[in-house]
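**Student:** Generate coordinates for the sequence data below:
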Amino acid sequence: MTPAEARELVVRASRALAAAGQGDMVWGHVAVRDPDGRGVWIKAPGWGLDEVDDTRLQLVSFDGEVLDGVGQPHKECHIHLEVLRARAELTCSVHTHAYSAVAFAALDRPLLPLSHEGALFGGDDVPRFAATGALVGTPELGHALATVLADAPAALMPRHGLVAAGRGVAAAVMHAVLLDRACAIQLTALAAGEVSIWSNPAEARAKRAECWPDSQLDAGWRYLTRRAGLPDGTTKETHDV
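**Tutor:** Residues are numbered from 1 along each chain as shown. Purely as a prediction, here's the structure:
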């Protein structure tokens with residue numbers, strides 16, 4: 001991957017997340033690791049996910065300094081800097097205020113594998129970052145969040161939103177989308193009464209492998225980029241999920 005390709009992936013990922021309904025006016029962001037090791041590429045503050053283009057990007061160093069682009073970095077750039085610092089194999093991280101994820105996290109209930117989306121976590125509950133519901137505005141809070149996320153596809157941030165990550169940009173975006181969809185499905189079921197049917201751990205693990213291999217995550221990603229009005233396959237990503 002070149003820096004130009006990394007920039008293009010930030011644009012595509014931002015637009016895909018907006019197409020999935022995860023925009024929140026100008027808040028929320030996605031970061032792609034700079035292939036030259038200088039930091040992360042991320043949208044500049046003040047723009048919605050659906051407004052991101054190549055002129056509205058920043059390169060932010062792992063010390064939180066803007067190396068390319070204008071303005072100050074996002075207050076929560078430390079989410080991405082620390083998640084990607086903690087795991088060298090990751091290419092991309094996502095932070096949004098996805099509506100269903102925020103609502104479901106307020107219930108303090110386990111996320112159950114009620115659906116294909118819920119099986120993303122293989123029958124385990126989704127990790128939850130409970131240190132603060134305020135902004136993750138320091139390296140220390142970013143590190144704490146990265147520790148909670150560990151090697152999970154995504155985590156809930158109660159009173160705030162979600163964080164997701166992936167070895168590829170398609171995986172990170174789809175992990176965020178699938179977590180929010182899993183939360184929405186369980187909220188819908190709970191609105192009708194107590195949930196009584198869900199996959200056991202063995203079935204959930206099998207469904208995760210069957211439903212969410214690299215090829216299916218990539219297919220979902222390409223669909224969302226088409227929904228966003230971008231040509232399918234503009235940038236070919238070579239990272240494995």
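**Student:** need the next SSE after the longest helix seen in the chain, C-terminal direction.
**Tutor:** When the chain is parsed with DSSP state H, its longest helix is helix 169-192. Next helix or strand after helix 169-192 toward the C-terminus (DSSP states H and E): helix 201-211.
**Student:** Which residues outside that next one are in contact with it?
**Tutor:** Pro113, His116, Gly118, Ala119, Leu120, Phe121, Gly122, Gly123, Asp124, Ser199 (CB atoms under 8 Å, 6 or more residues apart in numbering). Glycine gets a C-beta too; all of them are placed from N, C-alpha and C.
**Student:** Look up how far Arg181 lies from Ser100.
**Tutor:** In this view, Ser100 and Arg181 are 7 Å apart by CB to CB, to the nearest Å.
**Student:** Also Val148?
**Tutor:** 21 Å.
**Student:** which of the two has more neighbours?
**Tutor:** Between Val148 and Arg181, Arg181 has the larger neighbour count (other CB atoms under 10 Å), namely 20 against 17.
**Student:** Now that one. Nearest residue, chain neighbours left out?
**Tutor:** Nearest residue to Arg181, sequence neighbours excluded (CB to CB, 6 or more residues apart in numbering): Glu117, at 4.4 Å.
**Student:** before we move on, what about Ala204?
**Tutor:** Per CB to CB, 6+ apart, closest to Ala204 is Gly123, 3.3 Å.
**Student:** same question, Leu187
**Tutor:** Closest to Leu187 by CB to CB, 6+ apart is Phe104, at 5.5 Å.
**Student:** Residue ranges in the chain under the pLDDT threshold?
**Tutor:** Residues of the chain that meet the criterion pLDDT under 70 lie in 233-241.
**Student:** would you list the contacts of helix 201-211 in a markdown table and tack on secondary structure, neighbour count and distance to Arg85?
**Tutor:** Putting these into a markdown table (DSSP: H, G, I helix; E, B strand; the rest coil; neighbours: other CB atoms under 10 Å; distance: CB to CB, whole Å) gives the following:
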| residue | secondary structure | neighbour count | distance to Arg85 |
| --- | --- | --- | --- |
| Pro113 | coil | 26 | 31 |
| His116 | coil | 18 | 32 |
| Gly118 | helix | 25 | 30 |
| Ala119 | helix | 25 | 29 |
| Leu120 | helix | 26 | 24 |
| Phe121 | helix | 24 | 24 |
| Gly122 | coil | 19 | 26 |
| Gly123 | coil | 19 | 29 |
| Asp124 | coil | 15 | 25 |
| Ser199 | coil | 20 | 34 |
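**Student:** how about the residues you listed, which pair is most distant?
**Tutor:** When CB to CB is used, the two most widely separated members of the contacts of helix 201-211 are His116 and Asp124, lying 15.7 Å apart.
**Student:** how much space between the residue located most distally from the centre of the chain and Arg38?
**Tutor:** Most distant from the centre of the chain: Gly193, at 29.7 Å, with distances by CA atoms, centre = their mean. Relative to Arg38, Gly193 is positioned 52 Å away (CB to CB).
**Student:** same question, Ser100
**Tutor:** 35 Å.
**Student:** more crowded one of these two?
**Tutor:** Each of Ser100 and Arg38 has its neighbours counted (other CB under 10 Å); Ser100 has more, 20 against 15.
**Student:** State the three-state secondary structure for that one.
**Tutor:** At Ser100, secondary structure determined by DSSP: H, G, I helix; E, B strand; the rest coil is helix.
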